[in-house]
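*Asks:* coordinates for the following, if possible.
(chains A, B and C)
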Amino acid sequence: MPTRIRLQDGGFSLVEDPFTAVADDLQVPPGDVIISLTRFQAEGERLLSEGRAVGVRLESDEGAEALAYDLPRIAVVALAFPKYRDGRAYTSARLLRERYGFKGEVRAVGDVLREQAGFMLRCGFDAFEPADGSSPEDWERATQRFRHVYQRGTDARAPAFEERGQ
Amino acid sequence: MYQYDAIDKDFLADRSAEFRGQVARRLAGELSEDQFKPLRLMNGLYLQLHAYMLRIAIPYGSLNPTQMRKLAEISRTYDKGYGHFTTRTNLQFHWIKLKDAPDILDALASVDMHAIQTSGNCIRNVTADPYAGATAEELDDPRVWAEAIRQWSTVHPEFSWLPRKFKIAVTASVKDRTAARVHDIGLAIRRGRDGALGFEVMVGGGLGRTPYVGSTIREFLPAKRLVSYLEAILRVYNRLGRRDNSNKARIKILVATLGAEEFARQVEAEWEKAGDASDLPDTELARIRAAFAPTRFETLTARSEAFEAAKATSPALARFARNNLKPHKQPGYGIVEVSLKAIGATPGDANAEQMEVVADLAERYGQGDIRVTHEQNLVLPHVKLDDVAAVHAALAAAELATPNMGLVSDIIACPGLDYCALANARAIPIAQHIAERFADPDRAEAVGELKIKISGCINACGHHHIGHIGILGVDKKGEEFYQLTLGGSGAEDAAVGQMLGPALPANRVAEAVDQLVEVYLRERQGEERFLDTFRRTGVSPFKEAVYADAH
Amino acid sequence: MRALTANRLIDGEVVFWTDGRWVERFAEAQLFADDEAGEAAEAHAKTEVTTVVEPYLIDLIDAEGIWAPLSYRERIRALGPPNHHDHGKQAEGGAVVEALLNAHGAARSTGRVNLIKRK
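*Replies:* Down below sits the predicted model:
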């Protein structure tokens, strides 16, 4: 079974991935699947009714608000990085967590490098499919690189202005 | 001045360690050049024509003498003993080796300096009025807000991978010395009717391939809501800015496409939803403000007899005072402009010895405060008039006292094809030729305010669009040619210049500027500046003079 | 006639290809009269990703008996910055440097065979 890096209880580990990512031109196999937004809008109701877990992949030009009402039924939102320099998914992740209160898995897919780890963690991602062969240890190190942060993010870290106030 | 605390210092150390690791991975082949480039750019490291170039941030253009001396030391140790101050009030070293870059970042961190986000598609070094804390014109000290923005924008989790680079300016006076209207966001400090502090928010200005003057999307933003409002703007931009074409990715294109009203509506809607969670608490704003508390000024009379006497015997000092000394809010003090535009020199360049002279003078006479201007000069913002003669003498000995601020030879120029891998033509020799042509200081003063700005390519680091006379280098069939524009301004009367006519060969440019100046002197009425005359007459008389031979 | 150039990864120095190695002086650059040989060298150079950055071929012209880069951009790279004649390769002087300083090859091409715009 394929794996992905998962953030759980503050630590990174490699865990099995029960989800199959299904392209739009392929038949949906049995079991838990991640499908496109288009397919979810057409077939989501039926797939959910079959009792399986369903995840939705949002491309970087698809906004999180498209899923706002469905989020309680969705297990995973996979946010795509077509290039690692494309930063739209950071906003999507924050909106999912902060505005829509999504509690499921927010997964980074596509051109995902450890260089983005710190940014992703602070925006609410908790699952990662790295494209650079990086290990959970690499991600752990990358996210611990900075002892301080300057802004409030989705994570619980206290920004500098709060640290100073203490 | 703002002093870095343990948190700020840790942050720089961590960043430097991160980059050291990335450089090692690149040299070992674990990162490809494509993967490494955005990382080195976010640490200000470019690969230019002859070597790497390191762009060092000088947040809101503010330096202390220790920092300036460290820059001099770095230039001697790792470069060729000089550096280039830029229109973003940064400093660039042109001869850097990749293998040395991590050590240089450590050396910078030792004096609370860095190269964070001096390139890349992120929020860049913020510009503020170089006269902050010294001019009587300001409504509030813009450095307070610029420092707040520096911290907020540093390694921002959501806004470090934007469609394109992002530049913010803070101005606090009616007179705009930051070019705020041609920034991605320009913030102009305002007072509400009740005296409350706030900002006029201008968005979507910019130069480059498609120049725009920004649009005001909010007349008055309460000051303490600044950060949440910036987040709303950046969020709309991050989502909707174009990613398919880097030439159309700046926020100015988005604002122009949506229209300023619709853009403002989306920002306001996002701002309302996001609430005030990201705004800085009053305690933090107070902490930052305390760092910029006015330095102790002596109680002096407005007139310095010693200075007046010295001027009476030294025409050179008198000329320097006319052009490079600006009024200070405190009686008996002045703001001294240090010219990096000696006739025939490279605009914005300073060598290590010059950096040290300025550091010494700031320490001895200037309350330890040095500023960098977007016009590529330095400023000693707090000098007693009693000391101006001594400061002038020391500057003159170091070739830093050229009395040409705002005059025809105070030319902005990017490094151009002398150094830059993006350039199409050289900018430096054009600036040198023009300055040499107007070397006579009497003539330069007679011409008065005239801002010439030169870029070596369409990216417009030399701000050519907003020059009273703008000059853009182009590659025309393998030769360097120059397009002239007239009537631009980066000040409070911001405007984009208008094309004069067909591009000129390099050896015609200085002569053409001379012809333009002659037209102005002939046409001007009363106290008109070059810009005023141009705006009244239009381009025709200027065009006729320059292209007369072509008919 | 062509030559193959790049910047060295570790320090950014302008370098030229000569029979399988990189040299700093344009005077020592290998000259390719044959397009295929030049392109083969370029293809090989592109695999040397921990030695050089973005190797590319440049066009040369005959400048008073010496082959010189066609474009002023490439002449500046081969010499050093025009505003500091004591910096860069030009500081060493010599016949080839003199010839490059005096070359006036204007041409329609930018001299970069494959146009590279980089940061």
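
*Asks:* and the residue nearest to C:H104 when sequence neighbours are not counted, what is it in contact with?
*Replies:* Distance criterion Cβ to Cβ, 6 or more residues apart in numbering or on different chains; nearest residue to C:H104, sequence neighbours excluded, is C:A63 at 7.7 Å. (Each C-beta comes from the backbone N, C-alpha and C, glycine too.) Contact analysis of C:A63 by Cβ atoms under 8 Å, 6 or more residues apart in numbering or on different chains lists C:99-100, C:102-105.

*Asks:* distance-wise, check the closest residue to chain C within chain A relative to B:R15.
*Replies:* Distance from chain C to each residue of chain A (Cβ to the nearest Cβ) is smallest for A:R85, at 12.7 Å. Counting by Cβ to Cβ, to the nearest Å, the gap between A:R85 and B:R15 amounts to 19 Å.

*Asks:* so the two - more neighbours on which side?
*Replies:* Regarding A:R85 and B:R15, a neighbour count based on other Cβ atoms under 10 Å in any protein chain shown identifies B:R15 as having more, with 21 against 17.

*Asks:* any idea which element the closest residue in space to that one that isn't next to it in sequence lies in?
*Replies:* Among residues not flanking B:R15 along the chain, B:I116 sits closest, at 6.0 Å (Cβ to Cβ, 6+ apart). Using DSSP states H and E, B:I116 sits within no helix or strand.

*Asks:* surely B:I116 is in contact with B:H156?
*Replies:* No - with contact taken as Cβ atoms under 8 Å, B:I116 and B:H156 are classed as non-touching, separated by 11.0 Å.

*Asks:* report pLDDT for C:A106.
*Replies:* What the model reports as pLDDT for C:A106 is 51.

*Asks:* quick revisit: around the residue nearest to B:R15, how many other residues sit close by?
*Replies:* Burial of B:I116, expressed as a neighbour count using other Cβ under 10 Å, amounts to 26.

*Asks:* A:S13 touches A:W139, doesn't it?
*Replies:* No - using Cβ under 8 Å, A:S13 and A:W139 do not qualify as a contacting pair, with a distance of 9.6 Å.

*Asks:* between these two, who's got more neighbours?
*Replies:* Neighbours per residue, other Cβ under 10 Å: of A:S13 and A:W139, the larger number sits with A:W139, 25 against 14.

*Asks:* quick one: contacts for the more buried one?
*Replies:* When the contact criterion is Cβ under 8 Å, 6+ apart, the partners of A:W139 are A:5, A:12, A:114, A:117, A:128, A:130.

*Asks:* separation between it and chain B?
*Replies:* Distance of A:W139 to chain B, computed by Cβ to the nearest Cβ, to the nearest Å: 14 Å.

*Asks:* got phi/psi on that residue?
*Replies:* Main-chain torsions, A:W139, degrees, to the nearest 10: phi -70, psi -40.

*Asks:* distance of it relative to B:P142?
*Replies:* From A:W139 over to B:P142 the distance is 40 Å, taken as Cβ to Cβ.

*Asks:* same check, this time on B:V539
*Replies:* With distances defined as Cβ to Cβ, the gap from B:V539 to B:P142 amounts to 35 Å.

*Asks:* and the residue nearest to A:L71 when sequence neighbours are not counted, which helix or strand is it part of?
*Replies:* In space, not counting the residues next to it along the chain, A:L71 is nearest to A:F102; the distance is 4.9 Å by Cβ to Cβ, 6+ apart. Using DSSP H and E, A:F102 is not contained in any helix or strand.

*Asks:* kind regards, and thank you for your time.
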